[in-house]
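>>> Need a 3D model of the sequence below.
(3 chains)
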Amino acid sequence: MEQPVNLVLFSGTDDKLQAAAVLTAGAAALGKPVNIFLQYWALDSFRADRIAADHGLAPEAGPAGRVAVDDLAAAGQASWADTLRQAKELGEVDIQACSLSMDLLKLDETDLDPLVDGVEGVTAFYLNADEGRIVFI
Amino acid sequence: MEQPVNLVLFSGTDDKLQAAAVLTAGAAALGKPVNIFLQYWALDSFRADRIAADHGLAPEAGPAGRVAVDDLAAAGQASWADTLRQAKELGEVDIQACSLSMDLLKLDETDLDPLVDGVEGVTAFYLNADEGRIVFI
Amino acid sequence: MEQPVNLVLFSGTDDKLQAAAVLTAGAAALGKPVNIFLQYWALDSFRADRIAADHGLAPEAGPAGRVAVDDLAAAGQASWADTLRQAKELGEVDIQACSLSMDLLKLDETDLDPLVDGVEGVTAFYLNADEGRIVFI
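Numbering: from 1, shown residues only, chains lettered A, B, ... in the order given. Have a look, this model is predicted:
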């Protein structure tokens, strides 16, 4: 079986999450399993009550970048959450919250969007990653 | 043949691009092929009309970091763009713009510096990456 | 022998360094060798005279993120430097400063915390990384 692509998501801004969603969708379309491990501010963006909110952009985006992102959304680009939902229908995509970051943000599993499949520690992350690539975003 | 090193460049600040250029040059010097995939603000920094401009630094650099970077440039350090040009002469370095980010920034290929070899989608990126490492910067 | 996990640390904020320390400790606990290569602002955070200082958080953390991180530290979470020290006792963890970043920050080896095992160039980094995964943080 093909080795999974393993994404550690740390950043919770909409531009980085969109980049991560595109890498996930591309891998799923090619039949590659994808494991996503949510830490820190990325995990915060997967809370059920704010996954659809505006999570800002990287500071370097600036006002011109903000306009570009808003224009593309207005033209119908799927949000990163929708892109991840589609990727899950298309292929094998497993999304886990980092247990240490759950403690940091004082969350329990019911606080998270249904996109998230569970909570695990870093050891389980490595075991599931097996020999596959690890990409930190 | 050796597997390529595959860099996904997201950030467009001069410090991260310099880090990426150093990783590229090091790989090229060792005979490793390098594929670079330009997204978001990194792609913006490869526009022909502003590749030589100041693209700022990560916010954490602070004023002391700014001075350190300027001092090293004044002492003759090659810019990241020049380092990439040298790496292309030295080895096998292919630089592709992400087609989704081209749409986001409303660019066409003539807007880009000649360092960029073409435009491709994320599926092509994975196919070219083959089994090689993927590094997100 | 198992291939090493190779972390290139660029960012010097306490949240990203904590994420890196957790990935290091998890790998060490599983018997995976870890090579860490310190560049730019991450290297700055390993200076002997400021490793225990406050290095800030990613801008997206915001005031709520700041409070969450401070609360967890007050509750006894080990600092990233302590987590790395424990990982070194547990497994095979080698921490090297990037020679180019040493020049940038005008440092010599005596300026660095004893966690850092030496200084090397990017070519040595690739040779030690061998065929192992490369993660940029």
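
>>> dump the residue contacts of the residue in chain A that chain C sits nearest to.
Of the residues in chain A, the one nearest chain C is residue A:122, at a distance of 3.4 Å by C-beta to the nearest C-beta. (Glycine included, C-beta is placed from N, CA and C.) Counting by C-beta atoms under 8 Å, 6 or more residues apart in numbering or on different chains, residue A:122 makes contact with A:37, A:98, A:100, C:22-23, C:25-26.

>>> got it, and residue A:124?
Residue A:124 sits next to residue A:96 when contact means C-beta under 8 Å, 6+ apart.

>>> make it 10 Å
A:35, A:37, A:96, A:98-99, A:118, C:26 (C-beta atoms under 10 Å, 6 or more residues apart in numbering or on different chains).

>>> Just those: which are in strands?
Among the contacts of residue A:124, DSSP state E puts A:35, A:37, A:96, A:98, A:118 in strands.

>>> of those residues, buried ones?
A:35, A:37, A:96, A:98 (16 or more other C-beta atoms under 10 Å in any protein chain shown).

>>> isn't residue A:26 right next to residue A:87, touching?
Yes: the pair residue A:26 / residue A:87 is scored as a contact, 8.7 Å apart, by C-beta atoms under 10 Å.

>>> Neighbour count: these two, which is higher?
Between residue A:26 and residue A:87, counting by other C-beta atoms under 10 Å in any protein chain shown, residue A:87 is the more crowded of the two (24 against 20).

>>> Quick check: residues of chain A near chain B?
Contacts of chain A with chain B, taken as C-beta under 10 Å from any C-beta of the partner chain, map to A:2-3, A:5-8, A:11, A:15-16, A:18-20, A:22-27, A:29-30, A:32, A:57-62, A:64-65, A:68-69, A:71-72, A:75, A:77, A:133-137.

>>> same thing but 7 Å
A:15-16, A:19, A:22-23, A:26-27, A:29-30, A:58-61, A:65, A:68-69, A:72, A:133, A:135-137 (C-beta under 7 Å from any C-beta of the partner chain).

>>> Strands - which of those residues land there?
Per DSSP E, the residues of chain A next to chain B map to strands at A:133, A:135-136.

>>> for the residues you listed, which one is nearest residue C:50?
Residue C:50 lies nearest to residue A:136 out of those, by C-beta to C-beta, at 24.2 Å.

>>> How many residues are close by the closest one?
For residue A:136, the tally of surrounding residues (other C-beta under 10 Å) stands at 24.

>>> separation between it and residue C:122?
19 Å (C-beta to C-beta, to the nearest Å).

>>> Name all residues that make contact with residue A:68.
Going by C-beta atoms under 7 Å, 6 or more residues apart in numbering or on different chains, residue A:68 touches B:104-105.

>>> Could you do residue A:21 as well?
A:80, A:83-84.

>>> Can you check those and name whichever has the most neighbours?
Within those, residue A:84 tops the neighbour count with 24 neighbours, counted by other C-beta under 10 Å.

>>> List the residues that contact it.
With C-beta under 7 Å, 6+ apart, residue A:84 has these contacts: A:21, A:24, A:115.

>>> Out of those residues, which comes closest to residue C:41?
Using C-beta to C-beta, residue A:21 comes nearest to residue C:41 of these, at 27.4 Å.

>>> now the closest one: how far from chain B?
Distance, residue A:21 to chain B, by C-beta to the nearest C-beta, to the nearest Å: 10 Å.
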